[in-house]
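Build me a structure from this.
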Amino acid sequence: YFSAGGKCWSSDGTEEGTVAFSDGHCTYFGSLGDTLFFATDSEDYGWELHSYDGSSEPVIVKDIWDEENGLGDPMDGIDPNNINTPQLWPISVNDEFLLFTARNESSNNELWRTDGTEDGTYMVKDINTNEDSYPSHFFPLDEDRVLFRAQPNGGNNRQLWITDGTEVGTYRVKDINPGDDALIDWFTKHNDQVYFMAKTGDYSDSPRELWTTDGTQAGTYAITNPADFHLLSPAVPLGDILIFEGHSVEYGEELYKYNPATNETSLVVDMEPGSDDSQISTKFIVGNDLFFTKYNDTTYAVKMYKTDGTAEGTSEFFLSLIHI
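All right, here's what the predicted structure looks like:
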């Protein structure tokens, strides 16, 4: 499902199976069973939550905010017409209900849930009673609980939260950066353990750190040391390790890895000897290897490499393009 040309579309990967099913932009996709849920704008309701089962026209689930946009009020300055904001998309919990962000005329942007019915669509918890809490970055911890970031009372202080879809089961896991924004982001899961990025210093210039959590305060802690390491990209599971781009004083910007078995963060390979930066990007997994591109300041070439997470297993794959 996607939005293009002012219409909502579905596709099965063929030309004949690619059809528009509704006028208007659509975004924030989620599903329960065979039913699609998404936000779309209409003249009657504004931006609101709709459902579509493929057999008829989409229908509004609930007019969350009469005469206003229940789902369309831009969150963190994000335009609701921009469909490239998956951090704000709903998440299904056990295929029983969806968690999403919305607001009504008496509340701010808060955590909501729906089972697809009007009566089953309601706010889970008013996390920030004074302003918007901006719940976002939903990520499953297990079958029943979801991690997310939110801003409680007390200013710009987005921290790690958890919910099971109930008010009492929605609470802050840990105040990672007291008094300031922890900038929770880049969730990933490896061997049933959740990893993410966070900051513990000044919002503007503190380094990004790799953290892990089991959903408890004691089980939420930093893996990398911000004194000598700075996380630069999401961690990608590769076999028994996590691999990511980072910066250290000794090696500069390079590929690094974290081994959960030894609790060690180490360099994969120093592609630009010394503290020079390697300018690595475009990372994806194929089989047992991670593929990435590297830009060369001297030749202006962008070459593709692959690695198995070891220095000896890192090699050039092919010349991909020349930068003009």
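
For Ser3, the count of nearby residues, please.
Neighbours of Ser3 under the rule other C-beta atoms under 10 Å: 20. Every C-beta, even on glycine, is put in place using the N, C-alpha and C of the backbone.

Can you spell out which helices and strands pack onto the helix or strand where it lies?
Remark: Ser3 resides in strand 2-4, with elements defined by DSSP states H and E. Contacts defined by 3 or more C-beta pairs under 8 Å, 6 or more residues apart in numbering; DSSP states H and E place strand 2-4 against strand 7-10.

residue ranges with poor pLDDT in the stretch 101-250 of the chain?
154-156, 203-205 (pLDDT under 70).

and Gly46, bridged to which residues?
Ser42 (DSSP bridges).

Do you know the pLDDT at it?
Gly46 is assigned a predicted lDDT (pLDDT) of 79.

Same question for Asn84.
So Asn84 comes in at 50 (pLDDT).

try the one 3 residues further on
At Gln87, the model reports a pLDDT of 77.

Tell me which residues touch it, please.
Ser136, His137, Phe138, Asp185 (C-beta atoms under 8 Å, 6 or more residues apart in numbering).

just to revisit the earlier point, tell me the strands beside the strand holding Ser3, with direction?
Each strand paired with strand 2-4, and its direction, by DSSP bridges: strand 7-10 (antiparallel).

from the chain's centre, how far out does whichever strand or helix holds Lys257 sit?
For Lys257, the host element (DSSP H and E) is strand 252-259. How far strand 252-259 lies from its chain's middle: 21 Å, per C-alpha atoms, centre = their mean, to the nearest Å.

Quick one: list the elements packing against the following helix or strand past that strand.
Going down the chain from strand 252-259, the next helix or strand is strand 264-269, by DSSP H and E. Using 3+ C-beta pairs under 8 Å, 6+ apart as the contact definition, the elements that strand 264-269 packs against are strand 241-248, strand 252-259.

how about JSON lines for the contacts of Gln87, with neighbour count, secondary structure and distance to Pro207 added?
Output for those, formatted as JSON lines (neighbours: other C-beta atoms under 10 Å; DSSP: H, G, I helix; E, B strand; the rest coil; distance: C-beta to C-beta, whole Å):
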{"residue": "Ser136", "neighbour count": "23", "secondary structure": "strand", "distance to Pro207": "22"}
{"residue": "His137", "neighbour count": "22", "secondary structure": "strand", "distance to Pro207": "19"}
{"residue": "Phe138", "neighbour count": "25", "secondary structure": "strand", "distance to Pro207": "25"}
{"residue": "Asp185", "neighbour count": "16", "secondary structure": "strand", "distance to Pro207": "14"}
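
Verify the stated contact: Gly165 with Leu99.
Yes. Using C-beta atoms under 8 Å, Gly165 is in contact with Leu99, at 6.5 Å.

Now the common contact residues for these two.
Val93, Arg113, Val124, Val146.
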